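> Provided below for reference: sequence and predicted model.
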Amino acid sequence: MNFREFIKNMGLFSAAASPMFFPPLLCALFYQEMAMALVFLLSVFLMAGAGGILFAVGKGSKRRLQQRETLGLVGAGWLLVALYGAIPYVLSGEFSFIDAYFESMSGFSTTGASVLSDIEALPKSLLFWRSFTHWLGGLGIILLLIIVLPFLGAGGKLLYRSEMPGLEKSSFKPRVKNSALFLFKIYMGLTLIMTLLLLLAGMDLFDSLCHTFGTLATGGFSTRNASIAYYDSPLIECIISLFMIIAGTSFSLIYCFFVGEFRTIYKNGEWRLYLLILAASVVLITWNVSSSDQSIPGLIGQEEADTDMGFPGLVRLTAFQTISTMTCTGFCVTDFNQWPDFSRMLLLMLMIIGGCSGSTSGGLKVVRVLLLVKMARWHLVQTFRPKDIRVFHVDNLVIDKGLQNSILAYFTLYSLVFGMAVLALTASDMPVITSISAVASCFNGVGPGLEQIGAVGNYGALSALGKITLSLIMAMGRLEIYAICVLFLPSFWQKH
């Protein structure tokens, strides 16, 4: 590890990202929240100042980023940006340091887990910052900074590969800066379109922007205590559902849509399976909830007498909640904790599967699950047909032995981290089901879980150890494990 180069680039990253506090600063001025405006202004100076100090310490290095420094910059950069993002929460006086870091990491990792019990009590500018961290984290701050840090050269390409989630990025232009700019244009275009549609559906501009940030990033922070149920609007739910499905789709397919390559989209096996799983899950959950002996929960916040919405209303709620869960967005319209065990377990499985590779969604990704199932089936076949040779492929991508081993290694590491995190939470006296769902939710970027952390609950009652553990898990899930795990290997930090 070249420490001076690493520290210098951490400084550049910090200084270049410090303007991220300007939009909430403008929001504070617009709503005349002068104390919060001062908080965000101070946050800019603190982040830029920290960046200047780090850059000065590593200034003497003349080398470019290599793979080791780049991977470290991605992992440490996400942990550091969550620390910077916690500054407004702490200075506002509304959060303790650990709660502020948890909320910040949840925002930037697009998880949507929250420690808040009364969201609407916060200043509007702080709520805007909370949702804006989703938007920044959706494509990744580091990916966006490639646009403004062209002097990274080959290091920029390594950053792109390390930060952008998914298995395949070859659909984009070969020049990384051009790819990043095109992704940013798509992201901005979808942001403007969805904001306009929500405005036309009846939301005000503030709520439209905040919920657009949370939807496109598959984050899930809402400005309302009852989340999307507050609006009781099928039209708003349909708009958000559509954009959640889009956000769970690979950006390479969204690119194909914009350039008119519709046949490529239709022929994509991962996307077809993604939609099939969504549709099948909606049908199964609707059937299970409607046929159970339990009372059917309605919109969050409704009185019991108002919860009987009929079968169309049940389909409306189950469809929205299923889409929100599989795309790892985490918006809620109903208390799914009251659903039968089968439906809740299916939601837990959807959390783990997640959306498509190369999307802002979390989870293992549909393509990995598909390949794991194919490989498991083939190894079963090989027990009685050992001489057969099988070539695995997804669409036009041949999955060679190296990539197969990489997928198996990823799944093994995922399972180990998952198990250790659950043990850590149960060690802090958290019930088993709550612990499992908390790790599944935070690891896969969903937000709400089961029991204590369900649709009408939050993470505020967790111990400090639990919040720190889940903050680390959120970062691992957002960066697909490796960029964080390597930080804990002594050999990673050795000089070379």
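Noted; the coordinates are in hand. Source: prediction; values computed, not measured.

> Which residues lie in contact with the nearest residue to residue 96 once chain neighbours are set aside in this structure?
Spatial nearest neighbour of residue 96, excluding adjacent residues (CB to CB, 6 or more residues apart in numbering): residue 90 at 7.9 Å. C-beta here means a position set from N, CA and C on the backbone, and glycine is covered the same way. If you count contacts by CB atoms under 8 Å, 6 or more residues apart in numbering, residue 90 has them with 96-97, 100.

> Contacts for stretch 280-299, please.
Contacts of stretch 280-299 (CB under 8 Å, 6+ apart): 226, 229, 232, 304, 306-309, 311, 313-315, 317-319, 321-323, 326, 333-336, 338-340, 342-343, 346-347, 350.

> ok, 6 Å please
229, 232, 307, 309, 314-315, 318-319, 322, 333-335, 338-340, 342-343 (CB atoms under 6 Å, 6 or more residues apart in numbering).

> Tell me the buried residues within those.
229, 232, 307, 309, 314-315, 318-319, 322, 333-335, 338-339, 343 (16 or more other CB atoms under 10 Å).

> Mind picking the two most distant members of these?
Spanning the widest gap among the buried ones among the contacts of stretch 280-299 are 232 and 343, at 22.1 Å by CB to CB.

> which element is the residue nearest to the spatial centre of the chain on?
The structure's the chain has its C-alpha centroid closest to residue 110; by CA atoms, centre = their mean the separation is 3.3 Å. According to DSSP states H and E, residue 110 maps onto no helix or strand at all.

> these two touch, right, it and residue 220?
No. At 7.9 Å, residue 110 does not count as touching residue 220 under the criterion of CB atoms under 6 Å.

> mind listing the helices for the stretch 151-300 of the chain?
Taking DSSP state H, counting those that start in this stretch to define them, one finds helices in the stretch 151-300 of the chain at 154-163, 176-200, 205-216, 234-247, 251-258, 262-267, 269-291.

> right, so of those helices, which gets closest to residue 33?
Here helix 205-216 is closest among these (CB to CB), at 12.5 Å.

> and that closest one, what does it pack onto?
When contacts are defined as 3 or more CB pairs under 6 Å, 6 or more residues apart in numbering; DSSP states H and E, helix 205-216 packs onto helix 124-139, helix 176-200, helix 234-247.

> neighbouring contacts of it?
With CB under 6 Å, 6+ apart as the criterion, helix 205-216 contacts 131-132, 134-135, 138, 190-191, 194-195, 198-199, 220-221, 223, 240, 243-244, 247.

> Those residues, buried ones only, as a ChimeraX selection?
To isolate the buried members of the contacts of helix 205-216 in ChimeraX, using 16+ other CB under 10 Å:
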select :131,132,134,135,138,190,191,194,195,198,220,221,223,240,243,244,247
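
> tell me which residues in the longest helix seen in the chain are buried?
The longest helix of the chain (DSSP state H) is helix 401-427. Of all the residues in helix 401-427, those buried under the rule 16+ other CB under 10 Å are 404, 407, 410-411, 414, 417-418, 421-422, 424-425.

> That helix - contacts with which helices or strands?
Counting by 3+ CB pairs under 6 Å, 6+ apart, helix 401-427 packs on helix 432-443, helix 464-478.

> mind running it again at 8 Å?
Secondary-structure packing of helix 401-427 (3 or more CB pairs under 8 Å, 6 or more residues apart in numbering; DSSP states H and E): helix 366-382, helix 432-443, helix 464-478, helix 482-485.

> can you tell which of those is closest to residue 254?
That would be helix 366-382 among those, by CB to CB, at 15.6 Å.

> neighbouring contacts of that closest one?
Residues contacting helix 366-382 (CB under 8 Å, 6+ apart): 167, 269-270, 273-274, 277, 353-357, 388, 390, 392, 394, 399, 404, 407-408, 410-411.

> how about a cut-off of 6 Å?
Taking CB under 6 Å, 6+ apart as the rule, helix 366-382 contacts 167, 270, 273-274, 353, 356-357, 390, 392, 394, 407.

> measure the residue of the chain positioned farthest from its centre to residue 381 for me?
Taking CA atoms, centre = their mean, the residue of the chain most remote from its mean C-alpha position is residue 387, at 42.8 Å. Applying CB to CB, to the nearest Å, the value for residue 387 to residue 381 is 11 Å.

> Count the neighbours of the residue lying closest to residue 6 once chain neighbours are set aside for me.
Excluding its sequence neighbours, the residue lying closest to residue 6 (CB to CB, 6+ apart) is residue 69, at 4.9 Å. Neighbourhood size, residue 69 [other CB atoms under 10 Å]: 24.

> Can you give me the buried ones in stretch 447-461?
Quick answer for stretch 447-461 (16+ other CB under 10 Å): 447-459.

> just to revisit the earlier point, in terms of mean pLDDT, which of the helices and strands packed on helix 205-216 ranks lowest?
Mean pLDDT is lowest for helix 176-200 among the helices and strands packed on helix 205-216, at a mean of 86.

> and the angle for that one with helix 124-139?
Put simply, helix 176-200 runs at 140 degrees to helix 124-139, going by axes from the mean of the first three to the mean of the last three CA atoms, to 10 degrees.

> looking at this protein, which helix or strand is least sure?
Using mean pLDDT, DSSP states H and E, helix 154-163 stands out as the lowest-scoring helix or strand of the chain, at a mean of 48.
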